[in-house]
Each structure stands twice: as structure tokens, then as C-alpha cells.
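1. Give me coordinates for this.
(one chain, ligands or ions: 1)
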Amino acid sequence: MSDPRPIGVFDSGVGGLSVLREIRALLPAEDLLYCADSGHSPYGEKPQALIAARSLEICDFLLGQGAKALVIACNTATAAAAGTIRARWPQVPVIGVEPAVKPATAATRKGVVGVLATTGTLESARFAALLDRFGHGVDVVTRSGTGLVDLIEQGEFDSPRLRSLLQQHLAPLREAGADTVVLGCTHYIFLRPLIAELLGPEVSLIDTGAAVANQVQRKLAERAMLADESKTGHEQFWASGNLDVVRHSLNLLWPGCSGVTALPPSVCMNPLSERNP
Ligand code: DGL
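-> Here you go, the predicted model:
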């Protein structure tokens with residue numbers, strides 16, 4: 001049995017494309033829908049209630065487009081909204097993203113792990129629970145990468161101001177002696193070459209993109225919901241915010257992208273300010 005319906009994927013912006021490319025590599029037959037909520041980016045500095053409301057709006061849109069599963073390609077939105085999304089649509093497979101604390105604590109040789117993530121992720125109960133489960137016996141040093149997402153959204157991956165900001169964020173991790181650094185935001189995965197250069201070859205970088213793709217495959221396979229392997233999957237992109245800016249980054253990060261469509265205005269509104277003007 002196969003299921004031709006698409007998989008819905010979303011993030012606060014273009015960061016989740018780092019997860020989308022892993023899903024594409026593992027599941028070439030699947031049709032993929034991607035929503036970049038760039039009009040509300042960065043999620044990392046916003047209240048959890050707003051992120052949860054935005055996530056519900058976007059998931060509702062993706063399901064309306066026929067999505068058979070939802071991938072929250074965003075650590076911050078997973079922390080703020082995974083529980084709410086699963087409660088709203090209990091019959092839909094929902095796959096989230098969490099900072100790779102577990103593999104990092106297993107991999108560190110010196111017993112010092114760095115985690116670079118958004119403020120929203122680092123301050124979440126979900127992250128506290130991760131540390132509680134896997135952080136014992138290891139020194140976990142965290143740093144919020146404030147400002148990085150804004151630059152990445154504008155298509156900057158190695159500009160002088162990005163380098164200097166990144167150097168500031170990496171300094172405490174380096175000074176603490178971290179030999180393993182978790183890229184705990186899907187946007188930061190696009191900075192991997194620069195981060196590797198700045199931290200040097202003795203520091204290992206860990207992210208969860210491939211593990212998330214495996215999880216998508218597993219969840220769909222166990223429900224007989226994978227697409228027919230003989231077909232070729234396609235991608236479709238939507239975004240909120242300034243489409244010219246999104247198009248620019250999308251073209252850099254997804255060569256051959258067929259274009260991006262504006263999310264309908266009703267999906268783009270700030271749900272909290274609409275309810276509480
Ligand atoms: N890419 C997202 C994450 O993984 C969120 C970045 C943001 O909007 O702050 O956390």
C-alpha cells in the first residue's frame with residue numbers, strides 16, 4: 001500500500017530547508033510542501049504563545065493542502081508547539097526537531113558540550129527536560145545565537161558582520177573547552193562550514209537533520225503511508241513576509257526551486273494581536 005499525499009514541513013523561515021533536504025535525500029518519491037513563516041521570523045525571540053499560534057495556523061494550512069504528516073523543522077517551534085499540534089491532530093504523524101544533546105553527550109571526549117540554539121529553545125521546558133535526561137556527568141554550555149537568524153533570512157552565510165556575530169557567540173563555547181557543539185537551530189546548519197572554520201577541526205559539530213528524516217521515514221512506514229517508490233517527488237514552497245527576500249535565500253539554498261507563493265493573508269496574520277488588538 002502507498003500514500004501519494006504530500007508531507008508538510010514548516011519553519012520560522014528558510015532554516016527548515018536544512019531538514020527538507022535530508023527528507024528529500026532519503027525519500028525521493030515523496031511530494032513535499034514547505035512553509036517559511038519569514039514574516040514572523042525570528043521565532044527564537046518571540047513568546048511561546050505566539051509561536052504556538054503561528055504553528056497551528058501553518059499546520060492547518062498544510063493539512064488543507066492535503067498533507068499526510070507534519071514536520072516541525074524548527075527547534076523553537078517544536079519546544080513551543082509540538083504538544084499542542086499533536087493534541088489538535090492526534091491522527092496525524094507529527095515529527096519535531098530537538099537539539100542533539102543526547103548524541104553530543106555521548107560523543108564528547110573532554111566532557112564539555114556546547115549548545116548553540118535560540119533563546120526560545122534554551123529557555124523552554126522541553127530543553128530543560130533534555131538536559132535533565134542526558135546532561136548528567138557532562139558540562140553543557142549554552143549560548144543563544146541572537147541575531148544570526150535575521151542575517152540568514154537575508155541570504156547571508158559568510159558576510160563580515162555574520163562572521164563577527166558568530167565569533168561572539170562561539171567564544172564562550174570555545175572558552176569553556178567544548179569539543180562537541182550542537183547546532184540547535186535549523187538555520188545554523190547553513191553556517192556549518194563557517195562554524196567549523198571558526199572552531200577548528202578538533203571540535204565536532206552535531207545536528208539532527210538526518211535523524212529527523214529517518215524518523216519521518218519510520219513513522220510513515222509503520223503506518224503504510226510512504227509514497228510509491230517508482231515516482232519522483234516534487235516540492236512546493238509558500239512563505240509569509242517579503243517574498244523577494246525569501247526568494248533570494250530560497251534560490252541560494254534550494255537551487256532549481258520552482259518559485260515561492262505567498263501564504264494566504266488569513267494564514268499570515270499575527271493570531272494573538274488579531275484576537276487581542
Ligand atoms: N530555525 C528555527 C529553530 O530551529 C528558529 C529560528 C528562529 O526563528 O529564531 O529553532
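
2. Test my guess that Arg109 contacts Gly177.
-> No - between Arg109 and Gly177 there is no contact under Cβ atoms under 8 Å: 10.7 Å. (C-beta placed from N, C-alpha, C; glycine too.)

3. any idea where the helices of the stretch 151-277 of the chain begin and end?
-> Secondary structure of the stretch 151-277 of the chain (DSSP state H, counting those that start in this stretch): helices at 160-175, 192-199, 209-222, 243-253, 265-268, 271-275.

4. How about the third one and the ligand, touching?
-> No - Helix 209-222 is not in contact with the ligand by Cβ under 6 Å from any ligand atom; minimum separation 10.5 Å.

5. can you tell me if whichever helix or strand Thr76 is part of touches the ligand.
-> Applying DSSP states H and E as the criterion places Thr76 in helix 75-88. Yes - shown here: helix 75-88 in contact with the ligand (Cβ under 6 Å from any ligand atom) through Asn75, Thr76.

6. re the thing from before, mean pLDDT for the helices of the stretch 151-277 of the chain - can I get that in JSON lines?
-> Formatted as JSON lines, the helices of the stretch 151-277 of the chain follow (pLDDT from 0 to 100):
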{"stretch": "helix 160-175", "mean pLDDT": "97"}
{"stretch": "helix 192-199", "mean pLDDT": "97"}
{"stretch": "helix 209-222", "mean pLDDT": "97"}
{"stretch": "helix 243-253", "mean pLDDT": "95"}
{"stretch": "helix 265-268", "mean pLDDT": "86"}
{"stretch": "helix 271-275", "mean pLDDT": "59"}
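
7. wouldn't Pro103 be in contact with Ile206 here?
-> Yes - the pair Pro103 / Ile206 is scored as a contact, 5.7 Å apart, by Cβ under 8 Å.

8. Now the residue positioned nearest the centre of the chain. Nearest residue, chain neighbours left out?
-> Of all residues in the chain, the one closest to the mean position by Cα atoms, centre = their mean is Cys74, 2.7 Å from it. Nearest in space to Cys74, with sequence neighbours left out and distances taken as Cβ to Cβ, 6 or more residues apart in numbering, is Asp11 at 4.3 Å.

9. ok, the one you found - how many residues close by?
-> Residues contacting Asp11 under the criterion other Cβ atoms under 10 Å number 31.

10. how about the residues of the chain that lie near the ligand?
-> Contact residues, the chain versus the ligand (Cβ under 6 Å from any ligand atom): 11-13, 15, 41-44, 74-76, 118, 121, 149, 185-187.

11. again, only using 5 Å
-> Contact residues (Cβ under 5 Å from any ligand atom) of the chain with the ligand: 12, 15, 41-44, 74-76, 118, 149, 185-187.
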